[in-house]
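*Asks:* Dropping the sequence and predicted coords here.
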Amino acid sequence: KNQVEQSPQSLIILEGKNCTLQCNYTVSPFSNLRWYKQDTGRGPVSLTIMTFSENTKSNGRYTATLDADTKQSSLHITASQLSDSASYICVVRVVRWGKLQFGAGTQVVVTP
Amino acid sequence: ETGVTQTPRHLVMGMTNKKSLKCEQHLGHNAMYWYKQSAKKPLELMFVYSLEERVENNSVPSRFSPECPNSSHLFLHLHTLQPEDSALYLCASSQEGLGGGNEKLFFGSGTQLSVL
């Protein structure tokens, strides 16, 4: 079982609407949690990196939250644009091995 | 662009072929990585090089052979692959290795590999 679970697997939203993606992890202890955006045919690009002591971090219309107690993170996209259509990947850095544990991603499609 | 360039972008090969994937980073980073991304699955780390030395080999079959001639270039040599090896192969780099804490990974656009 993957130690980083993302939901939903896919999501369709109308342009201009908001949406929230979820990431639950069982990795422990961890040092930071990252969200990446991967456009079709491209490699992932970093959106945010949060340490275990941070609760929220924003990057433009993207806001990530982290609850280290419940081991949950979310990525909120505000006023979605067509260019937000992509896969969003949650990644947790494992302290013990210094490794990155990847989620399978949430595929977001923004329609006009 | 991320500063990490991968070629070719697409590759179709038979199971008896030998081919190589190339990655070049223009960021002055010290660590480079190969990842495999299969459809709807998490990225899988294959190899890590730090300062041109292999520091990670995640039980990857020997039909995948990495080479890092210098800190800017990384190759993945392929031979006698299987159809299940079809995937997107991503190269990445970081300033330091994954032991560095909050280091950010920069990915290339990947090579979409199809094994027939």
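*Replies:* Looks like it came in fine.
*Asks:* alpha carbons only for contacts and neighbour counts from here, please
*Replies:* Will do.
*Asks:* low-scoring stretches of the chain, by residue?
*Replies:* All of this is about chain A. Flagging of chain A using pLDDT under 70 yields the residue ranges A:1, A:96-98.
*Asks:* oops, I was thinking of chain B
*Replies:* Flagging of chain B using pLDDT under 70 yields the residue ranges B:98-102.
*Asks:* any idea which residue sits dead centre in it?
*Replies:* Closest to where the C-alpha atoms of chain B average out (CA atoms, centre = their mean) is residue B:34, at 2.5 Å.
*Asks:* and for stretch A:32-39, what are the contacting residues?
*Replies:* A:44-52, A:64, A:75, A:85-94, B:101-102 (CA atoms under 8 Å, 6 or more residues apart in numbering or on different chains).
*Asks:* Sorry, slip of the keys, the one I care about is stretch B:54-63.
*Replies:* Against stretch B:54-63 from outside (CA under 8 Å, 6+ apart): B:45, B:46, B:47, B:48, B:49, B:77, B:78, B:79, B:80, B:81.
*Asks:* Same question for stretch A:49-62.
*Replies:* A:30-35, A:47-48, A:63-68, A:75-79, B:102.
*Asks:* and what of stretch B:19-38?
*Replies:* B:3-8, B:13, B:43-52, B:71-79, B:86-97, B:108, B:111.
*Asks:* Stretch A:18-29 now?
*Replies:* A:3-8, A:13, A:71-80, A:90, A:92, A:94-96, A:103, A:106.
*Asks:* and the gap between residue B:94 and residue B:50?
*Replies:* For residue B:94, the distance to residue B:50 equals 9 Å [CA to CA, to the nearest Å].
*Asks:* thinking again about what came up before, mark which of the contacts of stretch A:49-62 are buried, thanks.
*Replies:* Taking 16 or more other CA atoms under 10 Å in any protein chain shown as the criterion, what is buried in those is A:30-35, A:47-48, A:63-66, A:68, A:75-77, B:102.
*Asks:* Give me the subset of these lying in strands.
*Replies:* A:30-35, A:47-48, A:63-66, A:75-77 (DSSP state E).
*Asks:* need the strands for chain B, in chain order.
*Replies:* Along chain B, counting by DSSP E, strands occupy B:4-7, B:10-13, B:18-25, B:31-37, B:44-50, B:53-57, B:64-70, B:73-79, B:87-94, B:106-107, B:111-115.
*Asks:* The fifth one: partners in the sheet, and parallel or antiparallel?
*Replies:* Looking back up the chat, that one is strand B:44-50. Sheet pairing of strand B:44-50 (DSSP bridges) gives strand B:31-37 (antiparallel), strand B:53-57 (antiparallel).
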